[in-house]
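Peer 1: this one's sequence-less:
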């Protein structure tokens, strides 16, 4: 998901898988190519390609039982497709190496999730090779590596996953990525997707990217502090205390009077407020792009300032060591705003399993997420479409992904099943939350997320907002107008976009 959290790694059971660089367990009848880069450089070179070939010839290795099960799965999928409008499993008859596809990524999280699909349909394993670049997924280095492979070389990126901070760089370029609607992703096929994912993946009326993840935000709260200050640690009581921003500050006063802080730092609330934007921050009037910041920007600046000046936090900054230390049981911090992958970061920073609960909080929001696109010139669009359909639309796969990796999925039907008894008993998030089913909270939050206003420049603009907020909180800027002007000036000078 592109996060830089310090976290402990796990298999989705002991700790939440944050998807950084953990190796998929049980992986690999297919080939993985790992491209490593020197940490001191900013470019990817062909000299550092290391290929681990773990493919075995499946012709002799597969047992008759495996072949029969695989054929049955394919035939069942084809029957389901004809009945429901799903994307059918393509036949491999007559295929050769020219039908092989390359699935790129910055780390191994995507291959881990896609291997859940390939384990269900092993007949495709010989036709998929993962290329792991070993770089940060939100950097220009990743963009350059993908773009270079799109235009040269013998490993064309047929599947292109990207963090939601940068995915629009490819999804909004029709010369690079395919229209998924043309590949079979109709409204019926996408019926189980949450609206926010379809909003993000759509460009000019065409579906260009899909995701298996529902990185819905929530508020994780300390149960022991809730019992002391609010009288109960049950989610209903805590949600009522955090139902909106007025309630949030009322509760912040109660906590402050009892010697606690409601959050670790003012930036903890930023993702929740940013997702309330009412219009795109960049618009095109036909002749040029215009900067059109809305009230979400000033609301975040003012809310953060109120937290900072009011003594409601320890005034830490997201991801710094003091902020991470406040997750431990001996801190005085009541809650953190976070999404499914964030639990792994909390566990890695000393948060104690069982002493936390989760609620939606003042507003629905998201944090992170990986979207996947299909390279426009893929040699096997049918296989790309089917694998992405299974990854993102098949409820059975969705349930498996959650139970095997701890991820929360962008699949309403899968989440309904997970809420109603199919969540693994050793699910790490459920243990972390003291037995509370986390899918209930995240699924409810996902229904309220709106990403229809997201633009390709938002990640850069948010970085400027962060800088302005820090300066405003510290007193460098004495008014919110001065802070907004800083953001506008940075957009003009660095992005070439003005009001």
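Peer 2: Arrived safely. Everything quoted here is computed from the prediction, not taken from an experiment.

Peer 1: show the pLDDT at the residue nearest to residue 278 when sequence neighbours are not counted.
Peer 2: Counting by Cβ to Cβ, 6 or more residues apart in numbering, residue 278 lies nearest to residue 294, which is 5.1 Å off, once chain neighbours are set aside. Backbone N, C-alpha and C define where each C-beta goes, glycine included. Looking at residue 294, its pLDDT is 97.

Peer 1: ok, residue 294 to residue 263 distance?
Peer 2: Counting by Cβ to Cβ, to the nearest Å, the separation of residue 294 from residue 263 is 24 Å.

Peer 1: between the two, who's got more neighbours?
Peer 2: residue 263 (25 against 14; other Cβ atoms under 10 Å).

Peer 1: that one - nearest residue in space that isn't next to it in sequence?
Peer 2: In space, and not counting its chain neighbours, residue 263 is closest to residue 313: 4.9 Å by Cβ to Cβ, 6+ apart.

Peer 1: surely that neighbour is in contact with residue 266?
Peer 2: Yes: with contact defined as Cβ atoms under 8 Å, residue 313 and residue 266 form a contacting pair (5.9 Å).

Peer 1: which of these two has more neighbours?
Peer 2: residue 266 (28 against 24).

Peer 1: where does the stretch 1-150 of the chain have low pLDDT?
Peer 2: Applying pLDDT under 70 to the stretch 1-150 of the chain picks out residues 1-85.

Peer 1: phi, psi of the most centrally placed residue in the chain?
Peer 2: Nearest to the geometric centre of the chain sits residue 369, at 1.5 Å (Cα atoms, centre = their mean). The phi and psi values for residue 369, taken as degrees, to the nearest 10, are phi 130, psi 150.

Peer 1: please apply the same query to the one 10 residues further on.
Peer 2: Reported as degrees, to the nearest 10, the phi and psi values for residue 379 are phi -80, psi -10.

Peer 1: quick one: pLDDT of it?
Peer 2: Per-residue pLDDT puts residue 379 at 98.

Peer 1: that one and residue 174: what is the separation?
Peer 2: According to Cβ to Cβ, residue 379 stands 19 Å off from residue 174.

Peer 1: what about the two, which has more around it?
Peer 2: Counted by other Cβ under 10 Å, residue 379 and residue 174 do not tie: residue 379 has more neighbours, with 16 against 13.

Peer 1: my guess is that one meets residue 96, correct?
Peer 2: No: between residue 379 and residue 96 there is no contact under Cβ under 8 Å: 10.6 Å.

Peer 1: about what we covered before: show me what contacts the residue nearest to residue 278?
Peer 2: 277, 278, 279, 281 (Cβ atoms under 8 Å, 6 or more residues apart in numbering).

Peer 1: highest neighbour count among those residues?
Peer 2: Neighbour tally across these (other Cβ under 10 Å): the maximum, 24 neighbours, falls on residue 281.

Peer 1: how deep is the closest residue to residue 496 other than its chain neighbours tucked in, by neighbour count?
Peer 2: Among residues not flanking residue 496 along the chain, residue 289 sits closest, at 7.8 Å (Cβ to Cβ, 6+ apart). By other Cβ under 10 Å, the residues close to residue 289 number 16.

Peer 1: go on, residue 234?
Peer 2: By other Cβ under 10 Å, 15 other residues sit near residue 234.

Peer 1: give me the spatial nearest neighbour of it, chain neighbours excluded.
Peer 2: Per Cβ to Cβ, 6+ apart, closest to residue 234 is residue 357, 7.8 Å.

Peer 1: secondary structure element holding the one you found?
Peer 2: Under the criterion of DSSP states H and E, residue 357 resides in strand 356-359.

Peer 1: quick one, strands of the protein?
Peer 2: Along the chain, the segments classed as strands by DSSP state E run 31-35, 49-52, 101-105, 128-132, 157-163, 202-203, 206-207, 218-222, 282-284, 289-291, 335-338, 356-359, 370-374.

Peer 1: what is the last one packed up against?
Peer 2: Right, strand 370-374. With contacts taken as 3 or more Cβ pairs under 8 Å, 6 or more residues apart in numbering; DSSP states H and E, strand 370-374 sits against helix 109-120, strand 157-163, helix 168-171, helix 195-201, helix 381-393.

Peer 1: how about a cut-off of 10 Å?
Peer 2: Contact here means 3 or more Cβ pairs under 10 Å, 6 or more residues apart in numbering; DSSP states H and E; on that basis strand 370-374 packs against strand 101-105, helix 109-120, strand 157-163, helix 168-171, helix 195-201, helix 381-393.

Peer 1: which residues touch the residue nearest to residue 295 when sequence neighbours are not counted?
Peer 2: Take residue 295 and drop its neighbours on the chain: the residue closest to it by Cβ to Cβ, 6+ apart is residue 278, 6.7 Å away. For residue 278, the contact set (Cβ atoms under 10 Å, 6 or more residues apart in numbering) comprises 294, 295, 296, 450, 453.

Peer 1: what separates residue 278 from residue 367, distance-wise?
Peer 2: 20 Å.

Peer 1: cool, residue 469 as well?
Peer 2: Here residue 469 is placed at a distance of 17 Å from residue 367 (Cβ to Cβ).

Peer 1: which one of the two has more residues nearby?
Peer 2: Taking neighbours as other Cβ under 10 Å, residue 469 and residue 367 compare with residue 469 leading, 27 against 22.

Peer 1: ignoring the adjacent residues along the chain, who's closest to the more buried one?
Peer 2: residue 304 (5.2 Å).

Peer 1: which residues are in contact with the one you found?
Peer 2: Residue 304 is in contact with 265-270, 273, 313, 465-466, 469-470, 472-473, 483, counting by Cβ under 10 Å, 6+ apart.

Peer 1: what do you get if the cut-off is 7 Å, keeping everything else the same?
Peer 2: Residue 304 makes contact with 266, 267, 269, 469, 473, according to Cβ atoms under 7 Å, 6 or more residues apart in numbering.

Peer 1: what sits against the third one?
Peer 2: For residue 269, the contact set (Cβ under 7 Å, 6+ apart) comprises 263, 303, 304, 337.

Peer 1: returning to that earlier point: which other residues reach the strand holding residue 357?
Peer 2: Applying Cβ under 7 Å, 6+ apart, the external contacts of strand 356-359 come out as 218-223, 233, 235, 238-239, 242, 432-434, 436, 438, 441.

Peer 1: repeat the analysis, applying 6 Å as the threshold.
Peer 2: Outside strand 356-359, the residues within contact range by Cβ atoms under 6 Å, 6 or more residues apart in numbering are 218-221, 223, 233, 235, 238-239, 432-433, 436, 438, 441.

Peer 1: pairing partners for it, with directions?
Peer 2: Here strand 356-359 is paired, per DSSP bridges, with strand 218-222 (antiparallel).

Peer 1: chain center to the strand it pairs with: distance?
Peer 2: Centre-to-centre, strand 218-222 and its host chain are 18 Å apart (Cα atoms, centre = their mean, to the nearest Å).
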